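Colleague: pasting the structure only:
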């Protein structure tokens, strides 16, 4: 509400959980302008029926019980019932209520203030995006127009309010610990915990959500419900949108966490010194916000024209929204995708990310970058390659695999050229035949490669891979999964006599592979499934790696999920990782014991050189591809033994 009169603000976006005062915001903004700064106002609901209901249940009672508004609004006795229901006049202006589905409603009259409620439910009209059409009507009012967008989010990359929040300065609220004064940004997964009963192996067998409480990340004190309510009185909003300045990329929330965990003076002052490094408090009698500043030059680098707000139920003052209630709902939602979406939208105030759990922040992935002592890090046991074939280039990722499929992205290469000419294929062949080395000198070659054959150069891929089956360069194609069925990543069927007669690509279970990769991106500690990345990998790579979304489809009355690429996004990095993972699955299908091999390769070169493990050759041909000749098999055995050594 303070942002409505904050200098410079023209758009306000509120992406928050349910029952967190979104409607009160719209009501009070209407009341403020009608009483103190009269002007034309347009209030949008998804449909005209909803606009009429909002007028009856919220606007009319507001006017009736507010003396200042009762004297100003709706005093005319000449209008009919329809006019007074969707049109409230007052001296100097009016409030028009309308459904967003009618272009005529959006373009009928010039307005200065737009109040858009439940924006994720708006249909796209034949003339375009409803909010954009409505905001075109504010052009008459030059520099003092205002647009407010309010809604709880829905599904990631499909949510209109999420897209609006991403365009904003992305404000988040901090609260002060009642015990030590440290300012923190409450997060359910980081700061809320409850009692659990475990078995002898340490596995959780029973949860006690009624014991759920927030604990301070600084002093460790567990808050009572009274502590939480007192902390809510200390709310301050911070701009958190990442920005670039002084030759570096800055992420305010990450910068703050590093700062207060660092110097002793920051910890002793409850984070106040750290806040001063990241934000400037900008306050007067009519606005209050922490403006993000560059830690190097000190300049404000995030514009406030679009003020965006996000908050979860942890900020709710209502008794039914205690951490214990939120935790109970989370436990009930586990294992049910529909309930999980409801929890993310209504409790966390965040868009739902199907089959991916917690929020996956690109900045956090970039920050995970590592420097290794050599091309191949310690821990790698097997190297595989994924090749994505585009119209005029190859995109290639080399991946190292260790115990329990912990992985390292060793290299990412792009080879450009006309794929109808020999040049790019010769470069690709040489690239796949090279050797990577560990710090102690141990050599690694690609044990297997999966190469996409589903594009415009299918026959070329077939010819290339067929000539190199001895090196386990496999032509693959993504499955056409019917009704979202999850098939094994590597097909379990052996080639039949009929399929042996001609060359066929391996059909990978890409939906299963993408499920696995997305889940592993959320693993935060090195170990089983953790994905390591080099420090020189830029954010564009991670955007491609996380580009696809799991969406719900309905066929024959049955709901199922498939991975889809949103319009305008690229996914080559994800495809390369899927193919590299498919190559690993192919090797294990042929008999590779990854953990056993990891133990052997972990030995220093002089001790482990003679201890080799070969993939059984009895099943060395991939399913549905042509048989390998005896000569190729001998070559394969020699190459494989050399790679394992």
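Modeller: The structure has been received and is ready for your questions. The model shown is predicted, which means the values in this text are computed figures rather than measured ones. Numbering: from 1, shown residues only.

Colleague: Quick one: distance of stretch 239-249 to the chain centre.
Modeller: 19 Å (Cα atoms, centre = their mean, to the nearest Å).

Colleague: I figured residue 255 was touching residue 277, is that so?
Modeller: Yes - judged on Cβ atoms under 8 Å, residue 255 makes contact with residue 277 at a distance of 7.3 Å. Heads up, the C-betas are built off the backbone N, CA and C, glycines and all.

Colleague: who touches both of those two?
Modeller: residue 295 (Cβ atoms under 8 Å, 6 or more residues apart in numbering).

Colleague: Whichever helix in the chain runs longest packs against which elements?
Modeller: Taking DSSP state H as the criterion, the chain has its longest helix at helix 572-589. Helices and strands touching helix 572-589, as assessed by 3 or more Cβ pairs under 8 Å, 6 or more residues apart in numbering; DSSP states H and E, comprise strand 382-389, strand 393-401, strand 407-416, strand 448-452, strand 473-478, strand 506-508, helix 510-521, helix 539-545.

Colleague: can you count the residues close to residue 437?
Modeller: 12 (other Cβ atoms under 10 Å).

Colleague: next one: residue 492
Modeller: 9.

Colleague: What of residue 203?
Modeller: When neighbours are counted by other Cβ under 10 Å, residue 203 comes out with 8.

Colleague: Need phi/psi at it.
Modeller: Here is the backbone geometry of residue 203 (degrees, to the nearest 10): phi -80, psi 140.

Colleague: Hmm, residue 418 is touching residue 393, no?
Modeller: No - the pair residue 418 / residue 393 is not scored as a contact, 9.9 Å apart, by Cβ under 8 Å.

Colleague: Next, show the common contact partners of these two.
Modeller: What both residue 418 and residue 393 touch, as defined by Cβ under 8 Å, 6+ apart, is the set residue 424.

Colleague: These two - which one has more neighbours?
Modeller: The neighbour comparison of residue 418 against residue 393 (other Cβ under 10 Å) goes to residue 393, with 16 against 11.

Colleague: Show me what that one is bridged to.
Modeller: residue 416 (DSSP bridges).

Colleague: how close does it get to residue 427?
Modeller: 11 Å (Cβ to Cβ, to the nearest Å).

Colleague: Spit out the residues that contact those two alike.
Modeller: 415, 417.

Colleague: which non-adjacent residue is nearest residue 193?
Modeller: residue 215 (6.5 Å; Cβ to Cβ, 6 or more residues apart in numbering).

Colleague: Quick check: pLDDT value at the one you found.
Modeller: pLDDT, residue 215: 95.

Colleague: Check the one 4 residues further on too.
Modeller: Confidence at residue 219, expressed as pLDDT, is 89.

Colleague: Now do the contacts for it.
Modeller: So residue 219 contacts 177, 179, 180, 182 (Cβ under 8 Å, 6+ apart).

Colleague: What score does the second one have for pLDDT?
Modeller: Confidence per residue is given as pLDDT, and for residue 179 that number is 93.

Colleague: burial count for it?
Modeller: That count, for residue 179 with other Cβ under 10 Å as the rule, works out to 16.

Colleague: Which of the contacts of residue 219 lies at the shortest distance from residue 372?
Modeller: residue 182 (35.8 Å; Cβ to Cβ).

Colleague: what about the closest one, how many neighbours?
Modeller: 22.

Colleague: Residue 318 too?
Modeller: There are 10 residues near residue 318, going by other Cβ under 10 Å.

Colleague: if I look at it, how far off is residue 232?
Modeller: 11 Å.

Colleague: Same check on residue 532?
Modeller: When residue 532 is compared with residue 232 (using Cβ to Cβ), they lie 40 Å apart.

Colleague: Which one of these two is surrounded by more residues?
Modeller: Between residue 532 and residue 232, counted using other Cβ under 10 Å, the more crowded position is residue 532 (20 against 15).

Colleague: hey, what's the residue lying closest to that one once chain neighbours are set aside bridged with?
Modeller: Computed as Cβ to Cβ, 6+ apart, the closest residue to residue 532 that is not its neighbour in sequence is residue 408, at 4.4 Å. Note on residue 408: beta-bridge partners residue 400, residue 532, judged by DSSP bridges.

Colleague: And for residue 408, the neighbour number?
Modeller: Using other Cβ under 10 Å: residue 408 sits among 22 other residues.

Colleague: Likewise for residue 41?
Modeller: Quick note: residue 41 (other Cβ under 10 Å) scores 22 neighbours.

Colleague: Surely it is in contact with residue 97?
Modeller: No - here residue 41 does not reach residue 97: they are 9.4 Å apart, not a contact under Cβ under 8 Å.

Colleague: quick one: average confidence on stretch 573-580?
Modeller: 95.

Colleague: could we number from 14 for the rest of this?
Modeller: Renumbered: residue one is now 14, and that last one reads stretch 586-593.

Colleague: Now do that stretch: everything it contacts.
Modeller: Residues outside stretch 586-593 that contact it (Cβ under 8 Å, 6+ apart): 397-401, 408-412, 422, 425, 463-465, 489, 521, 523, 526-527, 530, 554-555, 557-561.

Colleague: Ok, stretch 484-495 next?
Modeller: So stretch 484-495 is contacted by 445-446, 459-467, 474-475, 477-479, 500, 516, 518-524, 575, 592, 595-596, 599-600, 633, 635, 638, 648-649, 652 (Cβ under 8 Å, 6+ apart).

Colleague: Just grab the bridge partners of the residue nearest to residue 206 for me.
Modeller: Assigned bridge partners for residue 228, using DSSP bridges, are residue 235.

Colleague: And for it, the neighbour number?
Modeller: 16.

Colleague: cool, residue 608 as well?
Modeller: When neighbours are counted by other Cβ under 10 Å, residue 608 comes out with 11.

Colleague: Look up how far residue 540 lies from the nearest residue to it once chain neighbours are set aside.
Modeller: Computed as Cβ to Cβ, 6+ apart, the closest residue to residue 608 that is not its neighbour in sequence is residue 416, at 5.2 Å. Shown here: residue 416 relative to residue 540, a distance of 9 Å by Cβ to Cβ.

Colleague: Would you mind telling me which of those two has more residues around it?
Modeller: Per other Cβ under 10 Å, whichever of residue 416 and residue 540 has more neighbours is residue 416, with 16 against 11.

Colleague: Would you agree that one is in contact with residue 541?
Modeller: Yes - taking contacts as Cβ under 8 Å, residue 416 lies within contact range of residue 541: 7.4 Å.

Colleague: circling back: give me every residue that touches the residue nearest to residue 206.
Modeller: 204, 205, 206, 234, 235, 236.

Colleague: Could you tell me how far it is located from residue 125?
Modeller: 46 Å.

Colleague: before we move on, what about residue 454?
Modeller: Taken as Cβ to Cβ, the span from residue 454 to residue 125 is 72 Å.

Colleague: wait, residue 125 sits on residue 50?
Modeller: No - between residue 125 and residue 50 there is no contact under Cβ under 8 Å: 9.1 Å.

Colleague: Kind regards, and thank you for your time.
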